[in-house]
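Novice: Compute the structure for the input listed below.
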Amino acid sequence: MNRSLFRPLRLGLLVLVCGLWSFGWLPGAGVAAAQEGGVVRSTADYVYGQTMRFHLSAADIGEVRSITLFFRLGASPDSFAVAIDVPSDPVIEVSYALDLTQTRLPPFSAITYWWELERVDDTLIVPEQIISYTDDQFNWSQLVETDEAGGGSVRIHWTGEGTELGEEARDLVFEMLPRIGPLLPLEQVLPFDVYIYPSTADLGAALRLAGRDFQPGQTYPDLGVVLATVVNLRTAEAELRHELSRGLVDLLLFQGLGQFAYNLPPWLNRGLAGAVRGAADAPRDDALRAAVSSATTLPVAELCAGRSIDSDLAAAQSEALLSFIATTYGDAAVRQLVAAFAEGADCPTALQSALQLSPEQLEAAWLRSLRSGEGGRSAAELAVWIGLALAGFGLAGLLLIRPRRR
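Specialist: Prediction:
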């Protein structure tokens, strides 16, 4: 892989950090520690969507008066405490089962847990551990890509045999990341995972088991992962380009802006995804050309105010608008527009702040650029056709003249 694609990202706005992955994020991972001649062991395991069990065993640690299990979800500062009955046996073997049908854990998240054992003279604290709560209904293959210059790592997970799908996803991720950097107001990117499901139905089932409402095409940036589906390996690149571009943009927006990322209107997210996708979409381009020709494009003020992107025309126009803004006013204007919406500005205020334009002025300038481009292409095409016609007439004339000379 060409690492030069990633270096502009690392040296510019985005720096991947991989320190969080120094923990053992594996189901069943445990820690055993000697404590004043005794041994304490802590482990955890789960059945996805059903139960998560925390286990503690200890021997030769003296009299224990109370046992408390603590666990914390993701990066939340809040922790939960559960009091565990102390067994009468000198060797402690206790477990706690968390009912995941009642307590919905965020899928693909990290669960931090630890124990405190109160003794007569002190409290023994078992060190924190992390278990990664991922969908265990599939046997996942994994590929970890690390920037050789020290930038960080991205983990790709997929199902099925072979490495082609994982390598394809890895290459596309590292192709898109440098394109995203100049367009978003970010300082760094936390490590993240990409999960590629074999079908939309499988992805939907996994999210519903975790208590999430599932809508095809929706992204879930608060989970800290990018979710995608590839149904047909022959069209894997096209499927991944569409889903990874949207997933990466929404994930990095959420990492940089938190809940304020939801203030962005849908057209802006879709436009950013189109800017980093790296391939045209023929049906949407056709829809936009037809709308421009028939003067039926969507009002920019309506898009900018939060209209849902529910058609090929809405998606194509969103991408074309973002491309026009970046080309005409520069990447810095796109970053300012993102920041203005994130801060809660309405459509006219955000456009005025970033572009010094009203929605109507932006629409007029954008349409003018499209029509002038089409006019230039039409004139060139007309000149080519006229040239071909003249050449045809000339050839016909020569064929008619030659017999007369003979």
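
Novice: can we go C-alpha only for contacts and neighbour counts from here?
Specialist: Noted.

Novice: helix, strand or coil for residue 362?
Specialist: Look at residue 362: counting by DSSP: H, G, I helix; E, B strand; the rest coil, its state is helix.

Novice: give me every residue that touches it.
Specialist: Shown here is residue 362, whose contacts under the criterion Cα atoms under 8 Å, 6 or more residues apart in numbering are residue 300.

Novice: Which residue ranges of the protein form helices?
Specialist: With DSSP state H, the ranges of helices along the chain come out as 7-11, 164-180, 200-209, 236-257, 266-277, 282-293, 300-304, 312-329, 331-342, 347-355, 359-405.

Novice: between these, which one is nearest to residue 228?
Specialist: Residue 228 lies closest to helix 236-257 among those, at 5.7 Å (Cα to Cα).

Novice: what angle do the closest one and helix 266-277 make?
Specialist: Put simply, helix 236-257 runs at 120 degrees to helix 266-277, going by axes from the mean of the first three to the mean of the last three Cα atoms, to 10 degrees.

Novice: Would you mind listing the buried residues in stretch 98-110?
Specialist: By 16 or more other Cα atoms under 10 Å, the buried positions in stretch 98-110 come out as 98, 100, 104, 105, 106, 107, 108, 109, 110.

Novice: next one: stretch 224-242
Specialist: 224, 225, 226, 227, 228, 229, 230, 236, 239, 240, 241, 242.

Novice: Might you report the residue contacts of the third one?
Specialist: For residue 226, the contact set (Cα under 8 Å, 6+ apart) comprises 192, 193, 194, 195, 219, 220, 244, 247, 248, 251.

Novice: Could you check how many residues crowd around the first one?
Specialist: Just to be clear, that refers to residue 192. Applying other Cα atoms under 10 Å, we find 20 residues neighbouring residue 192.

Novice: list the contacts for it?
Specialist: Counting by Cα under 8 Å, 6+ apart, residue 192 has contacts 153, 154, 155, 224, 225, 226.

Novice: ok, 6 Å please
Specialist: Contacts for residue 192 were tallied using Cα atoms under 6 Å, 6 or more residues apart in numbering; they are 154, 225.

Novice: now stretch 289-301, how far from the chain's geometric center?
Specialist: Put simply, stretch 289-301 sits 30 Å off its chain's centre (Cα atoms, centre = their mean, to the nearest Å).

Novice: who's in contact with it?
Specialist: 359, 363.

Novice: Then stretch 266-280?
Specialist: Contact with stretch 266-280 is made by 176, 179, 241, 245, 246, 318, 319, 322, as judged by Cα under 6 Å, 6+ apart.

Novice: about what we covered before: check the buried residues of stretch 224-242 and tell me the two furthest apart.
Specialist: Taking Cα to Cα as the measure, those reach their widest spread between 224 and 236, a distance of 22.9 Å.

Novice: Let me know which of the helices of the chain is the nearest to residue 62.
Specialist: It's helix 200-209; of the helices of the chain, that one is closest to residue 62 (Cα to Cα) at 41.9 Å.

Novice: Show me which positions of the closest one end up buried.
Specialist: Residues 200, 203, 204, 206, 207, 209 are the ones in helix 200-209 that count as buried (16+ other Cα under 10 Å).

Novice: re the thing from before, which among the helices of the chain is found nearest to residue 38?
Specialist: Minimum separation from residue 38 across these (Cα to Cα) falls at helix 200-209, 40.1 Å.

Novice: what's next to the closest one, contact-wise?
Specialist: 49, 197, 214.

Novice: now do stretch 329-342
Specialist: Against stretch 329-342 from outside (Cα under 6 Å, 6+ apart): 183, 184, 185, 260, 261, 263, 264, 350, 354.

Novice: partner residues bridging residue 132?
Specialist: Beta-bridge partners recorded for residue 132 (DSSP bridges): residue 110.

Novice: What ranges in the stretch 1-150 of the chain fall below the confidence cut-off?
Specialist: Flagging of the stretch 1-150 of the chain using pLDDT under 70 yields the residue ranges 1-37, 75, 147-150.

Novice: ranges for the strands of it?
Specialist: For the stretch 1-150 of the chain, applying DSSP state E, counting those that start in this stretch gives strands covering 31-35, 38-47, 51-59, 64-73, 79-84, 92-99, 109-119, 123-133, 141-146.

Novice: among those strands, which is nearest residue 368?
Specialist: When these are compared by Cα to Cα, strand 141-146 sits nearest residue 368, at 44.1 Å.

Novice: Quick check: buried residues in that closest one?
Specialist: Result for strand 141-146 [16+ other Cα under 10 Å]: buried residues 141, 142, 143, 145.

Novice: From the chain's centroid, how far away is stretch 208-228?
Specialist: Distance of stretch 208-228 from its chain centroid, counting by Cα atoms, centre = their mean, is 10 Å.

Novice: what does stretch 302-313 give?
Specialist: Remark: stretch 302-313 is offset 21 Å from the chain centroid, using Cα atoms, centre = their mean.

Novice: Same question for that stretch: list its buried residues.
Specialist: Result for stretch 302-313 [16+ other Cα under 10 Å]: buried residues 303, 304, 305, 306, 309, 312, 313.

Novice: what's the most distant pair in those?
Specialist: With Cα to Cα as the measure, no two of the buried residues of stretch 302-313 lie farther apart than 305 and 312, at 18.5 Å.

Novice: can I get the contacts of helix 200-209 in JSON lines with neighbour count and distance to residue 57?
Specialist: Converted to JSON lines, those look like this (neighbours: other Cα atoms under 10 Å; distance: Cα to Cα, whole Å):
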{"residue": "49", "neighbour count": "25", "distance to residue 57": "25"}
{"residue": "197", "neighbour count": "22", "distance to residue 57": "37"}
{"residue": "214", "neighbour count": "17", "distance to residue 57": "39"}
